[in-house]
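Trainee: Model the following, please.
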Amino acid sequence: MAFDQRELRAFLAVVDRGSLGRAAEAAFMTQPALSRLIGEMERRFGQPLFDRHSKGMAPTAAGETLISHARLLLFEMEQATAALDALRGLGRARLRVGAVAAVARPMLPGIVAALLDMAPGLHIDLLDAPEDRLVQALAGREIDVVIAPELAPHPDIWPMAELAYTDTYTVFAAAGHPLAEAKDVPLSAALEQRWTMPEIGSTPRMLFHRLVTAQGEALPDVAVETASIGTMLATVAASSLLGWLPMPLLHAEMERGAIKPIRVKALEIERRFYVYTRRRGSVVPAARRLFELLPLAQGAATGGATPLARSGATG
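Mentor: Next up, the predicted model:
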């Protein structure tokens, strides 16, 4: 059965917005035209794709089955168009990259600049987010590539290469904090302090909880929760709270003398990083250029068919 982009966009607009009115606005169609288009698709399939109710529309079992295929088909159509346009010199290629902050901030800016020098017509979308959000975005086709620490196994995502890059999660405090001059701080002493941490449920917070409870210790008092790394750094620098972030994110505040790392061995965790793509669908041409610029581990392949060995998620 043949599909066109207009049908796929219309179908997904209704799925994502839950009503004909909102979907019609998103699809730049009138509501009657959108209704006719969905009705025609249902007649061709011989079964309803949506249940209609007073508050809107919800996918039927047939509609749910179609959703993932519709997203894949639309994505591949758009990528094919972009690739053909690039060959014609139209410069409409777009690359969407997601990365954790410890990569997005110290590493990616220089690589993005080099990539734009190689392909001046390229447009790049960058998503700086925790691991859980990146997985959601990659699986949902919001982005094309993810650079992150080792992720938990996922049916739609695989690690195609490892980076020659590591970092270490480190406890830190304001430069004038009583623990700032200590050579080594016992875990129990650090946990007696008050902390600022990412939100509960975030990957770093879950990792921190696992590390602490694995040592048989009680979790500390978290006085400030924030999803903002900048806010976390500023809060620690201006208070007696402790924080816990990857070392690359501390350098700027360390250089200006606002914070200092504190050595708590039980909370020093080295992370390795991987390049992730989706298991199904093609890799956009601009992503292959990106792979050429990334510092890949020696012997890491960027186009192989076998995922890298994995020992389990570290967060």
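
Trainee: How about stretch 165-174, which residues are buried there?
Mentor: Neighbour-count burial for stretch 165-174, counted by 16 or more other Cβ atoms under 10 Å, picks out 165, 167, 169, 170, 171, 172, 173, 174. Heads up, the C-betas are built off the backbone N, CA and C, glycines and all.

Trainee: ranges for the strands of the stretch 151-300 of the chain?
Mentor: With DSSP state E, counting those that start in this stretch as the criterion, the stretch 151-300 of the chain has strands at 157-174, 194-197, 221-225, 243-246, 259-262, 269-278.

Trainee: Parallel or antiparallel, list what pairs with the third one.
Mentor: Spelled out, it's strand 221-225. Strand pairing for strand 221-225, determined by DSSP bridges: strand 194-197 (parallel).

Trainee: before we move on, the earlier item: out of the strands of the stretch 151-300 of the chain, which gets nearest to residue 122?
Mentor: Closest to residue 122 of those is strand 269-278 (Cβ to Cβ; 17.8 Å).

Trainee: which helices and strands does that closest one pack with?
Mentor: helix 131-139, strand 145-149, strand 157-174 (3 or more Cβ pairs under 8 Å, 6 or more residues apart in numbering; DSSP states H and E).

Trainee: Which of the residues in that strand are classified as buried?
Mentor: So for strand 269-278, counting by 16+ other Cβ under 10 Å, buried means 269, 271, 273, 274, 275, 276, 277, 278.

Trainee: repeat for stretch 120-139
Mentor: Using 16+ other Cβ under 10 Å as the test for burial, stretch 120-139 gives 122, 124, 127-135, 137-139.

Trainee: Quick one: those residues as a markdown table, columns for pLDDT too.
Mentor: Shown next, in a markdown table, are the buried residues of stretch 120-139 (pLDDT from 0 to 100):
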| residue | pLDDT |
| --- | --- |
| 122 | 84 |
| 124 | 92 |
| 127 | 95 |
| 128 | 94 |
| 129 | 91 |
| 130 | 89 |
| 131 | 91 |
| 132 | 89 |
| 133 | 92 |
| 134 | 95 |
| 135 | 94 |
| 137 | 93 |
| 138 | 93 |
| 139 | 91 |
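
Trainee: helices and strands of the chain: which one has the lowest mean pLDDT?
Mentor: Lowest by mean pLDDT, DSSP states H and E among the helices and strands of the chain is helix 61-87, with a mean of 77.

Trainee: Domain map for the chain?
Mentor: According to automatic domain parsing, the chain is divided into the following domains: 5-80, 87-165+272-293, 166-270.

Trainee: Contacts only, for the residue nearest in space to the middle of the chain.
Mentor: Geometric centre of the chain, nearest residue: residue 134, 1.7 Å, by Cα atoms, centre = their mean. If you count contacts by Cβ atoms under 8 Å, 6 or more residues apart in numbering, residue 134 has them with 98, 99, 100, 127, 143, 146, 148.

Trainee: so where is the stretch 201-315 of the chain shaky, pLDDT-wise?
Mentor: 299-315 (pLDDT under 70).

Trainee: hey, where'd the helices end up in it?
Mentor: 203-214, 229-237, 251-255, 285-293 (DSSP state H, counting those that start in this stretch).

Trainee: Output those in JSON lines; the columns should cover mean neighbour count.
Mentor: Formatted as JSON lines, the helices of the stretch 201-315 of the chain follow (neighbours: other Cβ atoms under 10 Å):
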{"stretch": "helix 203-214", "mean neighbour count": "17"}
{"stretch": "helix 229-237", "mean neighbour count": "19"}
{"stretch": "helix 251-255", "mean neighbour count": "14"}
{"stretch": "helix 285-293", "mean neighbour count": "17"}
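
Trainee: Which one of the ones you listed lies nearest to residue 30?
Mentor: Using Cβ to Cβ, the helices of the stretch 201-315 of the chain put helix 285-293 closest to residue 30, at 35.7 Å.
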